[in-house]
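Chemist: predicted model and sequence follow; I will ask about them next.
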Amino acid sequence: MTQEVEMVTHHGAVPGGPPSAATMAHLRPSNLAGGTLLSLVALLTVVGVALSLQPKWWLWLLGQALLAGTMVQWFALLHECGHGTLFHSKTLHAPVGWLAGFFSMIPFGCWKRVHGRHHKWTGWQDVDPTTAALVPRPLGGAERVLMNVCWRYWIPLFATLYRVNNFWNLPRLRSLFSKSEDRRHIATSIITLLVAYLGLAAIVGPMTLLRVTLLASVLAFVVEEFVILSQHTHIPQNLSQGKLVPPFPAVEQEVFTRSLVFPSWLSVMLLHIDAHELHHMYPFVPGYHLRAISYNTQNEINWWTWVRCVRAMPGETFMFQNRIQTGADI
């Protein structure tokens, strides 16, 4: 499988272009907003765990659904902490990021570095560490069957591989980050989180831990896979093909990403993580302020329209081709 790629650049969706970063000075992080969000998610998590420990199956199921929702919210908080945009006080981001990483199953030190590099290299598919695995290539028969079956039946294979390959794969991370300080933080993050999980299993027992987390984790992975894949997949990207290339400025990254339109209540609960174009253009703006930016992005699409379109494709087509090749208006 090959891909002919012309240089993709920003062309502006609105006459006059997007607003400048200087006009966003009022959209700054707030300790009150960040603390309120953290407190709410923590409270819902406690309720979800308590319900998941109940013997009645319907209370357990309700708890799993609630806990799955909070796991997605923890992922959104992890994202904000990685950017340093959840609180005004910068010192709060590391401890809260570690906590959010615990519930998201992503080591915070790994997330911060990999996600930072993702923002730097968005638009160059083979340089961006989070999209490099989807560079078009020949697929083996078993690989294609596995990918298509998982995609068809909503088995969150990609969300699992996304975590393992980008945030737990220590040899790969060491190859991506050569500085000793980065490598030390990455190794510490992975080891600390592993020890925390093993300690928790030893305290409550493996079966209790699985009862409380297994179904909730699967449901959360399904939702997160849907969100993550909506952001850059099936959009034309550039290939550096090993050449030295310059990164695209943040405000020019709109063309390489997609935004979903969630119901307003859901968008608020997820810190407007669906407004992904605005986030890439203005990564210093807190997620809870993104919808205050007065700009209509060019790749915004209703979430259900997007789901119906991409789920009608084979997984290999959606993952390894783009909308120019398939003609899908997404």
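Modeler: Yep, that arrived. Numbers count the residues shown, from 1 in each chain.

Chemist: and the residue nearest to residue 131 when sequence neighbours are not counted, what is it in contact with?
Modeler: Spatial nearest neighbour of residue 131, excluding adjacent residues (CB to CB, 6 or more residues apart in numbering): residue 125 at 4.8 Å. (Glycine included, C-beta is placed from N, CA and C.) Contacts for residue 125 (CB atoms under 8 Å, 6 or more residues apart in numbering) come out as 131-132, 134-135, 237-239.

Chemist: where in the chain is pLDDT low?
Modeler: 1-16 (pLDDT under 70).

Chemist: pick out the residue nearest the middle of it.
Modeler: Centre of the chain computed as the mean C-alpha position; nearest residue by CA atoms, centre = their mean is residue 228, 4.7 Å away.

Chemist: which helix or strand contains the nearest residue to it once chain neighbours are set aside?
Modeler: Using CB to CB, 6+ apart and skipping residues adjacent in sequence, the residue nearest residue 228 is residue 162, 6.2 Å away. For residue 162, the host element (DSSP states H and E) is helix 157-163.

Chemist: show me the contacts for the nearest residue to residue 330 once chain neighbours are set aside.
Modeler: Counting by CB to CB, 6+ apart, residue 330 lies nearest to residue 309, which is 5.1 Å off, once chain neighbours are set aside. By CB under 8 Å, 6+ apart, residue 309 lies in contact with 328-330.

Chemist: can you report phi and psi for residue 309?
Modeler: Torsion angles at residue 309 (phi, psi; degrees, to the nearest 10) stand at phi -70, psi -50.

Chemist: nearest to residue 218 among the contacts of residue 125?
Modeler: Taking CB to CB as the measure, residue 218 sits nearest to residue 134 out of the contacts of residue 125, at 22.6 Å.

Chemist: gap between that closest one and residue 298?
Modeler: 22 Å (CB to CB, to the nearest Å).

Chemist: neighbour count: these two, which is higher?
Modeler: A direct count of neighbours by other CB atoms under 10 Å for residue 134 and residue 298 places residue 134 higher, at 20 against 15.

Chemist: buried stuff in stretch 114-127?
Modeler: Buried residues in stretch 114-127, counted by 16 or more other CB atoms under 10 Å: 114-115, 117-119, 121-127.

Chemist: could I get these as JSON lines with secondary structure?
Modeler: As requested, these are exported to JSON lines (DSSP: H, G, I helix; E, B strand; the rest coil):
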{"residue": "114", "secondary structure": "helix"}
{"residue": "115", "secondary structure": "helix"}
{"residue": "117", "secondary structure": "helix"}
{"residue": "118", "secondary structure": "helix"}
{"residue": "119", "secondary structure": "helix"}
{"residue": "121", "secondary structure": "helix"}
{"residue": "122", "secondary structure": "coil"}
{"residue": "123", "secondary structure": "coil"}
{"residue": "124", "secondary structure": "strand"}
{"residue": "125", "secondary structure": "coil"}
{"residue": "126", "secondary structure": "coil"}
{"residue": "127", "secondary structure": "coil"}
